[in-house]
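K.L.:
Take a look and give me a structure for this.
(chains A and B)
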Amino acid sequence: MNIGDKLQAIGKVTLNRFERVGRGSLFLWQILLSLPYLIQRPFLLVRQLYYVGVQTLLIILVAGLFVGMVLALQAYIVLVDFGAEDSISLMVSLSILRELGPVFTGLLFAGRAGSALTAEIGLMKSTEQLSGMEMMAVNPMQYIIAPRFLAGVIAVPLLTSIFMAVAIMGGYFVATEMLGIYEGVFWSQMQVNVDFYADLMNGMIKSLVFGIVVVWIAVFEGYDCMPTSEGLGQATTRTVVHGSLAVLGLDFILTALMFSV
Amino acid sequence: MQGMRDFGFFMRFFMFFFRDLIGCYKCLKYMPFYRIRLASSTDFYIVCLSPFKEINAISIDPPNIIIKIRGLSFSRGNRLIFDNISMDIERGKVTAIMGPSGTGKTTLLKLIGGQLKPDAGTVHVDGENVHKLSQSALYDLRRRTMGMLFQSGALLTDLSVFDNVAFPLREHTSLPEVAIHHLVLLKLEAVGLRGARDLMPAELSGGMARRVALARAIALDPQMIMFDEPFTGQDPISMGVLVKLIHDMNHALDMTSVVVSHDVEETSSIADYIYVISDGKVIQSGTPVDLKHSKSAWVQQFLGGVADGPVPFHYAGAPLMEDLMQDAK
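P.N.:
Residues are numbered from 1 along each chain as shown, chains lettered A, B, ... in the order given. Alright, predicted model coming up:
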């Protein structure tokens, strides 16, 4: 293969990527246009909220608990050298509210619910259910995609706030019961130093952005996949990989925008 | 005091009157069921969802051609699938489109349904150019005129048989649940699966799934149904059932059927007119009898199922001897 061919191949891949991004953006636009349909069919949204949100709850609860506990342990080990172990609650709560809560929830959501969404929609495509729906004059964008998208966007911030609460409870348990930090110090440090807008709200904004991006990737990959078993597998993998990378990349950008002075 | 009582009587009378008026209106709105009894045991029921519109449609003399295809070309990648083909499909008839697998028969149905866009040419369904319509107009046309039976059935896997058949009714009409219940049972009765209404699609055999899909396709009483390979992969009994259903339905409901298939015998037994396509062109068209007496060697090979002929047995390649010698070198 000479250099010309190689350049051509690179160009082709790049063009394909850009075309896909373009298609994805149009797809998002179509989803947004389809959302008003859910006013007539709220039960579709409720059902998806159950599948996407409630069924992800368990993994979020367990992960949150352990993350909070580990964080408290690690923070103690570092802080005790400086005699600053009273600040353990500050360290735990800030890192969870600002970073770990939204990021972990985004990653777990991409792995648990995102992949399931992609597989479900992709399978519907390969079994001609989406085509069949179109021929019955029911728009699959409205009936299938829009409720799943909106359910994801609503579920992720809620799951994030649950993750945050559980993680802080885990940290509290380790700090007070295992490490012997005084309870009053734990809570008062948090009360004084954690800001509602600067910390909690910024974290929630992050989680909203992650939710939109992960669900968008998941439904687009499902809708755009090759209708074969191989294509479906690839699409599911791409959802998890691209979704996770998007969460981490966007987290850096959002942190830079929100917290850098 | 007297006046008050009179007023009370009047109000009560008025309320009852008003309630009955609404009741009558509802009856009128949902009443026009037509029932057609056939010589066979199968009954068909049609519900006329908007009687006034329907009467208007009848009063205009309907043109005899429901699908008009002119100069249609379509290609996938570098492969030309249709090369300037033209067809007319008559209203109220069973028209078959036959050809070997891979000639794009399903693609043709998708072009008619507006799911794919042609490179050139036009498709008119019920007088409207399918590919020039806005999305909402296209959906309206599909709802009004088209039903489609997919090869796989394309049943929604998360809904039961009953809900699958009810799906188009719930989406497109504001019928009360009682009326939907009755209609769905009637449609399922027509395909002989009323007893299977609580099963999930995964519990159905292939033939049953296709019959449920057929019940769903006729749920809104479309003017035309497109059948995509309805006989493929069916055992002889379900094949016979499907052939009979398509034939009976077409006559009882005065529907137009477009059957895409390569099952020669079954399709010729119900088709009024057949188009044979191959290599992107219409090779021959005519009634089943015409085709049987066709002089075209190609058509004879296709209808007779002969292994070698104008369609060669061997995929194009170098002569065998040459190939072998090359390997030896």
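K.L.:
Those residues of chain B touching chain A, which are they?
P.N.:
Residues of chain B that fall close to chain A, judged by Cβ under 8 Å from any Cβ of the partner chain: B:110, B:113, B:115, B:135, B:139-140, B:142-143, B:146-148, B:150-152, B:154-157, B:167-168, B:171-172, B:213, B:216. All C-beta atoms are positioned from the backbone trio N, CA, C, and that covers glycine.
K.L.:
Next secondary structure after the one helix or strand B:His181 maps to?
P.N.:
Counting by DSSP states H and E, the element that carries B:His181 is helix B:177-190. Moving toward the C-terminus from helix B:177-190, the next helix or strand (DSSP H and E) is helix B:206-217.
K.L.:
So what touches that following helix?
P.N.:
Contacts to helix B:206-217, defined as Cβ atoms under 8 Å, 6 or more residues apart in numbering or on different chains, come from residues A:132, A:136, B:147-150, B:152-155, B:161, B:164-165, B:167-168, B:184, B:187-188, B:190-193, B:196, B:201, B:204, B:225, B:230, B:233-235, B:237-239, B:241-242, B:245, B:249.
K.L.:
Please narrow the residues you listed to those residing in strands.
P.N.:
Those of the contacts of helix B:206-217 mapping onto strands are B:Gly147, B:Met148, B:Leu149, B:Ile225, per DSSP state E.
K.L.:
what ranges do the helices span in chain B?
P.N.:
Listed in chain order, the helices of chain B (DSSP state H) span B:2-30, B:51-59, B:105-112, B:135-145, B:161-172, B:177-190, B:206-217, B:236-252, B:264-270, B:288-292, B:297-304, B:320-328.
K.L.:
Nearest to A:Ile60 among those helices would be which one?
P.N.:
helix B:161-172 (31.6 Å; Cβ to Cβ).
K.L.:
ok, residues contacting that closest one?
P.N.:
By Cβ under 8 Å, 6+ apart, helix B:161-172 touches A:136-138, A:143, B:143, B:155-156, B:159, B:175, B:180-181, B:183-184, B:187-188, B:193, B:196-201, B:204, B:212, B:215-216, B:219-220.
K.L.:
Can you tell me which of the residues you listed are buried?
P.N.:
A:136-138, A:143, B:143, B:155-156, B:175, B:180, B:183-184, B:187-188, B:193, B:196-197, B:201, B:204, B:212, B:215-216, B:219-220 (16 or more other Cβ atoms under 10 Å in any protein chain shown).
K.L.:
Mean neighbour count, the helices of chain B: which tops it?
P.N.:
Burial of the helices of chain B is given as mean neighbour count (mean count of other Cβ atoms under 10 Å in any protein chain shown); helix B:206-217 ranks first at a mean of 24.
K.L.:
and that helix with helix B:236-252, angle?
P.N.:
Counting by axes from the mean of the first three to the mean of the last three Cα atoms, to 10 degrees, helix B:206-217 lies at 20 degrees to helix B:236-252.
K.L.:
Kindly reformat the helices of chain B as a markdown table and extend each row with mean pLDDT and distance to A:Leu73.
P.N.:
A markdown table is the format used below for those (pLDDT from 0 to 100; distance: least, Cβ to Cβ, whole Å):
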| stretch | mean pLDDT | distance to A:Leu73 |
| --- | --- | --- |
| helix B:2-30 | 58 | 69 |
| helix B:51-59 | 40 | 73 |
| helix B:105-112 | 88 | 60 |
| helix B:135-145 | 88 | 57 |
| helix B:161-172 | 92 | 52 |
| helix B:177-190 | 91 | 58 |
| helix B:206-217 | 88 | 56 |
| helix B:236-252 | 85 | 65 |
| helix B:264-270 | 86 | 73 |
| helix B:288-292 | 85 | 82 |
| helix B:297-304 | 81 | 76 |
| helix B:320-328 | 81 | 69 |
